[in-house]
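Peer 1: Provided below for reference: sequence and predicted model.
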Amino acid sequence: MSTGGVQSLQRAFDLLERLADAGGEASLSELATVSGLPLPTIHRLIRTLVTLGYVRQNSNRRYTLGSRLIRLGETASRQYGTWARPYLAQLVDSVEETANLAVLDGDEVVYVAQVPSKHSMRMFTEVGRRLLPHGTGVGKAMLSQLPRDEVRSLLERTGLPAYTPNTITDASQLLDSLDEISERGYALDESEQELGVRCIAVPVIGGPTLAAVSVSGPEGRLTKEAVSRILPEVLAVAKRLADRAS
């Protein structure tokens, strides 16, 4: 491939990333502002991506990520989950509670792998399940790694609906909690997504995409004392996943 071809390919992928960062939709002028590329160059690249199905033009003449990306994303997520499962299995053996891996896909948390505990009463989240990030431990862990302006934009798009009476539904309160999570290195879900369930989540820092690993269980077993005991194990697995993915 010629140097010009490589540059065009890099620019095309950069535009896809910029569209994703904008919440999946942007105008040509907005893409020009954030990418620094000339409008004619953006128009040419976007036209090619539209022809291939990776970008779609809406009736309002704004551009969105195309449906052809779904297959690529779902396949990549499955592969990520597949090679992560042995690490989650080791975590379950150590802490005896269910372990999960999730990624941030657009504005949503997507669970890509889970290894259940051996307890008869255990947490089960279907792989592929999608939730808004503000009400989950993994979601808050991942949001803590984003610039706060990006978090505010995401929350404006999604709102903060309550999953339970414990869900944080105030944006300012959530942003304050994200600062605390960034400082201490882990997030807690205190019956915020499902009553009676506690979850401890750690961001996977340095991987190819925003991700978080978590351990979840009934509050009666996953007590605050148990969280203190389990935390080093979750931190260690998150680091191993980051090292493996980088």
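Peer 2: All right, it came through fine.

Peer 1: which residue packs closest to residue 238, ignoring adjacent ones?
Peer 2: Nearest residue to residue 238 in three dimensions, chain neighbours excluded: residue 202, at 4.1 Å (C-beta to C-beta, 6 or more residues apart in numbering). All C-beta atoms are positioned from the backbone trio N, CA, C, and that covers glycine.

Peer 1: how many other residues sit next to the one you found?
Peer 2: 27 (other C-beta atoms under 10 Å).

Peer 1: so what's it bridging to?
Peer 2: residue 213 (DSSP bridges).

Peer 1: ok, it - contacts?
Peer 2: Applying C-beta atoms under 8 Å, 6 or more residues apart in numbering, we find residue 202 in contact with 141, 185-187, 212-214, 234-235, 237-238.

Peer 1: chain center to the strand or helix carrying residue 199, what's the gap?
Peer 2: For residue 199, the host element (DSSP states H and E) is strand 197-204. Distance of strand 197-204 from the chain centroid (C-alpha atoms, centre = their mean, to the nearest Å) equals 13 Å.

Peer 1: Any of the contacts of residue 202 buried? List them.
Peer 2: For the contacts of residue 202, a burial check counting by 16 or more other C-beta atoms under 10 Å picks out 141, 186-187, 212-214, 234, 237-238.

Peer 1: tell me, what residue is most central in the chain?
Peer 2: The chain has residue 104 as the residue nearest its centroid, 1.5 Å off, counting by C-alpha atoms, centre = their mean.

Peer 1: tell me the angle the stretch of helix or strand that residue belongs to makes with strand 197-204.
Peer 2: Using DSSP H and E, residue 104 sits in strand 98-105. In terms of direction (axes from the mean of the first three to the mean of the last three C-alpha atoms, to 10 degrees), strand 98-105 departs from strand 197-204 by 60 degrees.

Peer 1: Quick one: mean pLDDT for strand 98-105?
Peer 2: For strand 98-105, the mean per-residue pLDDT is 92.

Peer 1: next one: stretch 221-239
Peer 2: Stretch 221-239 shows a mean pLDDT of 93.

Peer 1: how about the CA coordinates for it, as CSV?
Peer 2: What follows is stretch 221-239, C-alpha atoms only, in CSV (Å, rounded to 0.1, in the frame of the first residue of the first chain):
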residue,chain,number,x,y,z
ARG,A,221,-21.6,-12.9,51.6
LEU,A,222,-19.9,-9.9,49.9
THR,A,223,-19.7,-7.9,53.1
LYS,A,224,-17.6,-4.7,53.4
GLU,A,225,-15.0,-6.9,55.2
ALA,A,226,-15.0,-9.4,52.4
VAL,A,227,-14.6,-6.5,49.9
SER,A,228,-11.4,-5.4,51.7
ARG,A,229,-10.1,-9.0,51.4
ILE,A,230,-11.1,-9.4,47.8
LEU,A,231,-9.9,-6.1,46.5
PRO,A,232,-6.2,-7.0,46.0
GLU,A,233,-7.2,-10.1,44.0
VAL,A,234,-9.4,-8.0,41.7
LEU,A,235,-6.7,-5.3,41.3
ALA,A,236,-4.2,-8.1,40.4
VAL,A,237,-6.4,-9.6,37.7
ALA,A,238,-7.2,-6.2,36.2
LYS,A,239,-3.5,-5.6,35.9
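
Peer 1: How far does it sit from its chain's centre?
Peer 2: 21 Å.

Peer 1: List the buried residues in that stretch.
Peer 2: 222, 226-227, 230-231, 233-234, 237-238.

Peer 1: Among those, which are located in helices?
Peer 2: 226-227, 230-231, 233-234, 237-238 (DSSP state H).

Peer 1: which among those gets closest to residue 208?
Peer 2: Proximity of those to residue 208 (C-beta to C-beta) peaks at residue 238, which lies at 14.4 Å.
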